[in-house]
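Enquirer: Sequence below, structure please.
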Amino acid sequence: MNQTYKETGKGLSGYAVKKIIPQLKKEYEWLTSTYSQCLQQVCLNLGVAFNNFFSARRCANEKRAKYPRFKSKHSKQSIQYPQNVKVVDSCLTLPKIGDVTAIIHRPIEGKVKTVTISKNCSNQYFAAILFDDCKDKPSSNPEGKAIGIDLGLTHFAVTSDGSKFDNPRILNKYEKNLKLKQQQLSRKQKGSNNRIKARNKVGFVHRKITNYRGDFLHKLSRRIVNENQVIVVENLNVKGMMQNHKLAKSIHQVGWGMFCTMLKYKAEMEGKIYQEVDRFFPSSKTCHVCLNQVGSLPLDIRFWTCDNCQTRHDRDINASINLRDEGLRILTSGTGDNKACCPDVSRSKGGRKKSTAALSVGQEAYTVPSGQCR
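Expert: Next up is the predicted model:
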């Protein structure tokens, strides 16, 4: 595709590259050892990657994707099987490979569509199975218990019913071990077997951090979805908050975006409602009793008293209650307007689109497969 663009000034689509595969197989015999549909899927994925890059260049405000690059064999790798994969009790049957032993951790009830095999940096292999269960999406109903969630750093989440969930600070627990393993890796000679072993040890520590974080987020999101019908969080520019070098590390390790993504797809699967409130809504500075708004409220002030009704507020609990009330207002208005009521706050014209998939979450403080096997 690069060569064609240099010669003609025009690129090739993924479908055009797909038609060249038979000719390439004659030139490179090793291509014949791979299942043909996997090669076709790679071409289509490459076409999508280029489309994302050029659409990002046309839209200056939307930095959607960078120029596609060649993948390293040392990083995460994956391969897709569009069809002809069979799942049995304790193995997967893959074309041109055969039976592969696997731990099937949940039943596959439906027709298997696409299977994606991936390898992480610790040389572990996973299969994400997309299947059609032929079930209709449950209809959502706002009747039931509603909860607002204020995400933070001291407490990971504070709910409108007064519950506070501590921040596990996962990276801090493994930071010393990770630093030691990375120092050992830096001393190894490049290209040596010892460097490969040291790199696997670093990957093992990263995997433990990822598993720890995922376990915490899955359990908390499942608990919240099971206990509530309407879940309201705040849509924040997390990427912008990462520009603060004093809080960037803490925000990076806490996983707000992943948590909100889990809340959203789990709520949709259960027929419950996930609602986001605009990031400019002054949830912390507004008294939930009399709706009086203070002019300034620095982050170091965790408790404050309303000048109008003399109610003493816990900053985070007050914010979560205001988020819950604003989310219910948006749902009951019937207009579909997800903007918060705060006319005194100026908004920039070039803001990014609201999207939970882009890891936009509440203020202050991966496509989910239907089944997976390991």
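
Enquirer: ok, residue 249 - contacts?
Expert: Neighbouring residues of residue 249 by Cβ atoms under 8 Å, 6 or more residues apart in numbering: residue 171. Bear in mind the C-beta positions are built from the backbone N, C-alpha and C, glycine included.

Enquirer: From residue 242, how far out is it?
Expert: As judged by Cβ to Cβ, to the nearest Å, residue 249 and residue 242 stand 9 Å apart.

Enquirer: Residue 282 too?
Expert: With distances taken as Cβ to Cβ, residue 282 is found 22 Å from residue 242.

Enquirer: So between those two, which is more surrounded?
Expert: residue 282 (17 against 13; other Cβ atoms under 10 Å).

Enquirer: And the contacts of stretch 161-176?
Expert: The list of residues contacting stretch 161-176 from outside it, by Cβ under 8 Å, 6+ apart, reads 147, 152-158, 205, 208-209, 212-213, 216, 220, 249, 253-254, 316-317.

Enquirer: Please list only the buried members of these.
Expert: Among the contacts of stretch 161-176, those classed as buried by 16 or more other Cβ atoms under 10 Å are 147, 152-153, 155-158, 205, 208-209, 213, 216, 220, 253-254, 316-317.

Enquirer: My reading is that residue 129 lies in a strand. Confirm?
Expert: Yes. Judged by DSSP: H, G, I helix; E, B strand; the rest coil, residue 129 forms part of a strand.

Enquirer: phi, psi of residue 164?
Expert: phi -130, psi 130 (degrees, to the nearest 10).

Enquirer: same thing with residue 118?
Expert: Taking degrees, to the nearest 10, you get phi -130, psi 150 for the backbone angles of residue 118.

Enquirer: just the one 3 residues further on next, same as before
Expert: Dihedral angles of residue 121 (phi, psi; degrees, to the nearest 10) stand at phi -70, psi -10.

Enquirer: quick revisit: filter the buried ones among the contacts of stretch 161-176 down to the ones in helices?
Expert: 205, 208-209, 213, 216, 220, 253-254, 316-317 (DSSP state H).

Enquirer: Would you map the helices across the stretch 51-200 of the chain?
Expert: 170-187, 193-227 (DSSP state H, counting those that start in this stretch).

Enquirer: Any buried residues in the shortest one, and which?
Expert: What that stands for is helix 170-187. Buried, per 16+ other Cβ under 10 Å, within helix 170-187: 170-171, 178, 181, 184-185.

Enquirer: Run a quick neighbour tally on residue 313.
Expert: Residue 313 has 21 neighbouring residues, counting by other Cβ under 10 Å.

Enquirer: can I assume it sits in a helix?
Expert: No. Applying three-state DSSP, one finds residue 313 to be strand, outside a helix.

Enquirer: If I look at it, what pLDDT would I see?
Expert: Looking at residue 313, its pLDDT stands at 89.

Enquirer: Confirm for me that it is in contact with residue 303.
Expert: Yes. Applying Cβ atoms under 8 Å, one finds residue 313 in contact with residue 303, separated by 6.7 Å.

Enquirer: Okay, now the unreliable bits of this protein?
Expert: Along the chain, segments meeting pLDDT under 70 span 56-64, 334-374.

Enquirer: Tell me how it divides into domains.
Expert: Following automatic domain parsing, one finds the domains of the chain at 1-70, 78-135, 146-167+224-373.

Enquirer: tell me the most buried of these?
Expert: Highest mean neighbour count among the domains of the chain (mean count of other Cβ atoms under 10 Å): domain 146-167+224-373, with a mean of 17.

Enquirer: Tell me who's in contact with the nearest residue to residue 316 once chain neighbours are set aside.
Expert: Counting by Cβ to Cβ, 6 or more residues apart in numbering, the nearest residue to residue 316 once its immediate chain neighbours are dropped is residue 158, at 3.8 Å. Shown in contact with residue 158 (Cβ under 8 Å, 6+ apart): 149-150, 152, 164-165, 316-317, 319-320.

Enquirer: Reformat the buried residues of helix 170-187 as TSV; add distance to residue 21.
Expert: Formatted as TSV, those follow (distance: Cβ to Cβ, whole Å):
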residue	distance to residue 21
170	44
171	43
178	42
181	41
184	43
185	38
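
Enquirer: Between the helices of the stretch 51-200 of the chain, which one is closest to residue 141.
Expert: helix 193-227 (14.2 Å; Cβ to Cβ).

Enquirer: packing partners for the helix or strand following the closest one?
Expert: For helix 193-227, the following helix or strand on the C-terminal side (DSSP states H and E) is strand 230-234. Helices and strands touching strand 230-234, by 3 or more Cβ pairs under 8 Å, 6 or more residues apart in numbering; DSSP states H and E, are strand 146-151, helix 256-269, strand 273-277, helix 315-333.

Enquirer: nearest to residue 48, of those?
Expert: That would be helix 256-269 among these, by Cβ to Cβ, at 20.7 Å.

Enquirer: Output the closest one as CSV - backbone C-alpha positions only.
Expert: C-alpha atoms of helix 256-269 as CSV (Å, rounded to 0.1, in the frame of the first residue of the first chain):
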residue,chain,number,x,y,z
TRP,A,256,-12.0,5.3,35.5
GLY,A,257,-12.6,4.8,31.8
MET,A,258,-12.5,1.0,32.0
PHE,A,259,-14.8,1.1,35.0
CYS,A,260,-17.4,3.2,33.2
THR,A,261,-17.2,1.0,30.1
MET,A,262,-17.9,-2.1,32.3
LEU,A,263,-20.9,-0.3,33.9
LYS,A,264,-22.3,0.6,30.5
TYR,A,265,-22.2,-2.8,28.8
LYS,A,266,-23.3,-4.7,32.0
ALA,A,267,-26.2,-2.3,32.5
GLU,A,268,-27.3,-2.7,28.8
MET,A,269,-27.1,-6.5,29.1
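
Enquirer: now the angle between strand 273-277 and that helix, please.
Expert: Angle of helix 256-269 versus strand 273-277, following axes from the mean of the first three to the mean of the last three Cα atoms, to 10 degrees, is 140 degrees.
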